[in-house]
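*Asks:* sequence? don't have it. structure:
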């Protein structure tokens, strides 16, 4: 990308027990992001199905499942990060990174949440990587994974500039959500963009947030479906690390490699 400046859109979606309706709603939110000339749009976890068993049972192979979104993105300068139920050798709680009609990468949720039925439905992923995109280096953590500072630290060490966090975070622990997003940004001096679901009978809490490398909240949504956007400058990652050189002290704690 010729400039480090970009516009991020957070697509806070209401998830219904209707897979086709969810897919159309996600497509509509992406279109709204295009209308505001976003360079990056993030959809929540499992935007196509939620944790509705009837939706999960009807999921198709990824290229078919996301056919309309891939087609829409083909001629557009837009990177999409979408949390999705992915049907492969098993069913995964995944996030796909899409640009110009192609899937650039897939993060499969490594740590499945123990307090609901995720372990019944999904197989765990086993990788944690940073994805090179035309707008910058993006790492992904899905919902529960934001509770583990070690995962975010590994993404920082792999030179992530943005950590996208698609989520289905419940209302009763929404203060945890807000605190964890800010903490991961402050600890690693990078941008963190958390996109949660809202409303519905599964009681998700909204409050999607975009946090800058110093921990300042640039965007915070409410409890209804909406698309929020903000302009950021990725050079702020390096500027923050030079102004507040705390990560250098962290690196000094690492034992020498053998």
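*Replies:* Yes, it's here. These numbers come from a predicted model, not from an experiment.
*Asks:* C-alpha from now on. contacts and neighbour counts both.
*Replies:* OK.
*Asks:* can you list the buried residues in whatever helix or strand residue 231 lives in?
*Replies:* Assigning secondary structure by DSSP states H and E places residue 231 in strand 226-233. Neighbour-count burial for strand 226-233, counted by 16 or more other Cα atoms under 10 Å, picks out 226, 227, 228, 229, 232.
*Asks:* check stretch 129-138 too.
*Replies:* Under 16+ other Cα under 10 Å, the buried positions of stretch 129-138 are 129, 130, 131, 135, 136, 137, 138.
*Asks:* could you identify the most distant pair in the residues you listed?
*Replies:* Farthest pair in the buried residues of stretch 129-138 (Cα to Cα) is 129 and 135. Separation: 16.4 Å.
*Asks:* can you put the buried residues of strand 226-233 in TSV and add distance to residue 48?
*Replies:* Output for these, formatted as TSV (distance: Cα to Cα, whole Å):
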residue	distance to residue 48
226	17
227	17
228	20
229	22
232	28
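*Asks:* name the residues that touch the helix or strand following the strand holding residue 231?
*Replies:* Per DSSP H and E, the first helix or strand lying C-terminal to strand 226-233 is helix 235-243. Contact with helix 235-243 is made by 4, 5, 161, 189, 190, 191, 213, 214, 247, as judged by Cα atoms under 8 Å, 6 or more residues apart in numbering.
*Asks:* most neighbours of all those residues, which one?
*Replies:* residue 191 (31 neighbours; other Cα atoms under 10 Å).
*Asks:* show me the contacts for it.
*Replies:* Here residue 191 is in contact with 161, 162, 163, 185, 210, 211, 212, 213, 237 (Cα under 8 Å, 6+ apart).
*Asks:* from residue 168, how far out is the second one?
*Replies:* Same thing as residue 162. Note on residue 162: its distance to residue 168, by Cα to Cα, to the nearest Å, is 19 Å.
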